[in-house]
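Visitor: With the sequence up front, the predicted model follows.
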Amino acid sequence: MKKTNVIQVEDLTKMFGDFKAVNGITFEVKKGEIFGFLGANGAGKTTAMKMLIGISIPTSGKAHVAGFDVFTQAEDIKKNIGYMSQKFALYDDLTVKENISFFGGIYGLTKARIKEKTKELIEDLGLQEVSNQLVGSLPLGWKQKISFSVALLHEPKIVFLDEPTGGVDPITRRQFWEMIYKAAHDGTTIFVTTHYMDEAEYCDRVSIMVNGKIEALNTPKKLKEQFQVDNMNDVFLKLARG
Amino acid sequence: MLPIIFVLPLLQLIILSNAATFEVKNIKFAYIDNDHSASSRALIDKFEASTYFDVLTVFPSETQASSAMLKGEVDVFLEIPSHFERDLQKNKTASLGVTINAIDGAAAGVENVYVTQIVQSYNKQIKTDLMQVSDAQIQPVTITSIPLFWYNETLNYKTFMVPGILVLLVTMITLFLSGMNIVREKEIGTLEQINVTPIKKSQFIIGKLFPFWVIGMGLLTIGLIIAKLIFNVPMIGDLLLMYFYTSIYILVILGMGLFISNFTDTQQQAMFIAWFFTVIFILMSGLFTPIESMPGWAQTLTEFNPIKYFVEVMRMVMLKGSGFVDILPQLVKTLVYAIIMNGLAVWSYKKTT
């Protein structure tokens, strides 16, 4: 059975003045896939991602996310995606519960639904003890997990994760990836950027960006074969060094 | 933070309303008496009797008095020429030298009025003393004007200042809070998170306005209570009308704050711009200096000053008991201003770059 493409990108370009931050990238992501979006710092990953989540207008090219055009239907895209940014993006001065009801409210969930989701989320993450504490007082790893769960609150078709595990300990990272797998298993498409090459191995397919272009795109296994190395780290080094 | 938002402005209200006075008191007064006569003594007694003047010293010569003024020890000195009494009796006229330190021009003007009043009252007194029978027939009828000060009969400056200072506090707090708000979310990164949600631009701005609007109205309420309890400012007009006007006025300021916040990248920038406007608005509001005495171009500029309208309305309603129709011009201008500012705030909030 051929799965449908939830992200379809064709020759997408973003210019900042004369500088081509993203230079004609083309790829597609299938429903339920975990898509790793790799690249060195400054390669254009975040810029590309911002275009896909509708907060940056592309200079040229075509892109459809969840069936909507990024040029004309950015607000429709936003209803169908979740996003977790590099910067921790919950409100530090609200409690865990308040954050959940705030974002639930923005996505138009009913009060009853928010209540139900809050309970579910707090139980899943084992946050009963801290659910009334300010998010700012929690350790980073916990915050990231809550952030991810909040991004999934409105059951989006696609979740965009921008370096979700930066600065987090290995155990929490492992737990985080279990959450990602669970979400993917439930049918959510995951679009994730990372600098950890062991995480790249967990992805179904991986693209590697160098200087605004996608230089490689395949399953981790095939990429390793293609570059005749043992691990993704070496694939990355070979590509990024040029 | 919330207690700070309320306590500090109210402290300001209490301190400023007592301190920001136009009255000139405790004027340091000195004199040079070259005449040493009963007449000159009587004149000086008049100054000593005045509550406005603190009679400091007598100086033997003008040079010493001048140098004392240079050091700031003396505000005003009076020089009584020799033959003062003789001239008065013989020629029915005499001149006096008054020197006033005019570094603060406004205070000097007031001091001049005080001195003139005292000299005039002295004048009247000696007229009667020196009047001879023959003079009685040709004595002109003196015309005296008796001023009636309407709406603030006792010229109590607090009655005048308290509503004005309350306006400033409501304005400053709401402008600063709203000005720092969106830009703060830019700094901590939550704005990006909001931008990837399907929230509408107008929903976002309304969500930002509402809490500050409530705070502004709360400040007004507490300020009015203080004005009544501590300063006993008369509140002749309809309080509901004042609340109605304020509810629209705060929207102007909040729209302005959010507009600033959208245009800046850091809280420092927002603070800087908010300060720039606050200072201009306050000094050109007619609160401390009358707008009528500003140059023409400045008077035109004040048309764009929301604080001016608020000060006017506040004083009109509180002190004169003006009604809805009386404040209609200000109300309409403020409403238009509010629509424009909030339109700009919504417009300048960009969910995409």
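Guide: Looks like it arrived, so ask away.
Visitor: A:K182 and chain B: what is the separation?
Guide: Going from A:K182 to chain B by C-beta to the nearest C-beta, to the nearest Å gives 22 Å. Bear in mind the C-beta positions are built from the backbone N, C-alpha and C, glycine included.
Visitor: Find the least confident helix or strand in chain B, judged by mean pLDDT.
Guide: helix B:133-138 (a mean of 53; mean pLDDT, DSSP states H and E).
Visitor: Now do the same contact list for A:M49.
Guide: For A:M49, the contact set (C-beta atoms under 8 Å, 6 or more residues apart in numbering or on different chains) comprises A:37, A:160, A:162, A:191, A:193.
Visitor: cutoff 10 Å now
Guide: A:22, A:37, A:55-56, A:83, A:85-86, A:160-162, A:191-193 (C-beta atoms under 10 Å, 6 or more residues apart in numbering or on different chains).
Visitor: Point me to the helix or strand that includes it.
Guide: helix A:45-52 (DSSP states H and E).
Visitor: hmm, back to that, beyond the least confident helix or strand of chain B, next helix or strand please.
Guide: Defined by DSSP H and E, the subsequent element after helix B:133-138 is helix B:157-188.
Visitor: ok, that next one near chain A or not?
Guide: Yes: under the criterion of C-beta under 10 Å from any C-beta of the partner chain, chain A is reached by helix B:157-188 at B:185, B:187-188.
Visitor: Mind checking the pLDDT average for the helix or strand following that helix?
Guide: For helix B:157-188, the following helix or strand on the C-terminal side (DSSP H and E) is helix B:190-195. The average pLDDT for helix B:190-195 rounds to 90.
Visitor: in the helix or strand following helix B:190-195, what's buried?
Guide: Per DSSP H and E, the first helix or strand lying C-terminal to helix B:190-195 is helix B:201-229. Across helix B:201-229, burial judged by 16 or more other C-beta atoms under 10 Å in any protein chain shown covers B:204-205, B:208-209, B:212-213, B:215-216, B:219-220, B:222-224, B:226-227.
Visitor: counting contacts, what elements does the next helix or strand after helix B:201-229 pack onto?
Guide: Once helix B:201-229 ends, the next helix or strand along the chain (criterion: DSSP H and E) is helix B:239-263. Helix B:239-263 sits against helix B:157-188, helix B:201-229, helix B:267-283, helix B:306-315, helix B:328-348, with contacts defined as 3 or more C-beta pairs under 10 Å, 6 or more residues apart in numbering or on different chains; DSSP states H and E.
Visitor: burial count for the closest residue to A:H154 other than its chain neighbours?
Guide: Nearest in space to A:H154, with sequence neighbours left out and distances taken as C-beta to C-beta, 6 or more residues apart in numbering or on different chains, is A:Y107 at 3.8 Å. By other C-beta atoms under 10 Å in any protein chain shown, 19 other residues sit near A:Y107.
Visitor: which residues does A:Y107 contact?
Guide: A:78-79, A:82, A:113-114, A:150, A:153-156, B:197-199.
Visitor: Can you tell me how far the residue lying closest to B:L177 once chain neighbours are set aside is from B:S178?
Guide: In this structure, B:L177 finds its nearest non-sequential neighbour in B:F212, 5.2 Å apart by C-beta to C-beta, 6+ apart. Relative to B:S178, B:F212 is positioned 5 Å away (C-beta to C-beta, to the nearest Å).
Visitor: Identify the contacts common to the two.
Guide: Joint contacts of B:F212 and B:S178 (C-beta under 10 Å, 6+ apart) are B:250, B:253-254, B:257-258.
Visitor: quick one on the thing from earlier: which helices and strands does the helix or strand that comes right after the helix holding A:M49 pack with?
Guide: Later in the chain than helix A:45-52, the nearest helix or strand by DSSP H and E is strand A:60-65. Packed against strand A:60-65 by the contact rule (3+ C-beta pairs under 10 Å, 6+ apart) you find strand A:5-16, strand A:19-30, helix A:45-52, helix A:74-80.
Visitor: Could you list the low-confidence segments of the chain?
Guide: I'll assume chain A. Scanning chain A for pLDDT under 70 picks out A:1-3, A:242.
Visitor: not quite, I wanted chain B
Guide: Checking chain B against pLDDT under 70 turns up B:22, B:129-145, B:147, B:149, B:151-155.
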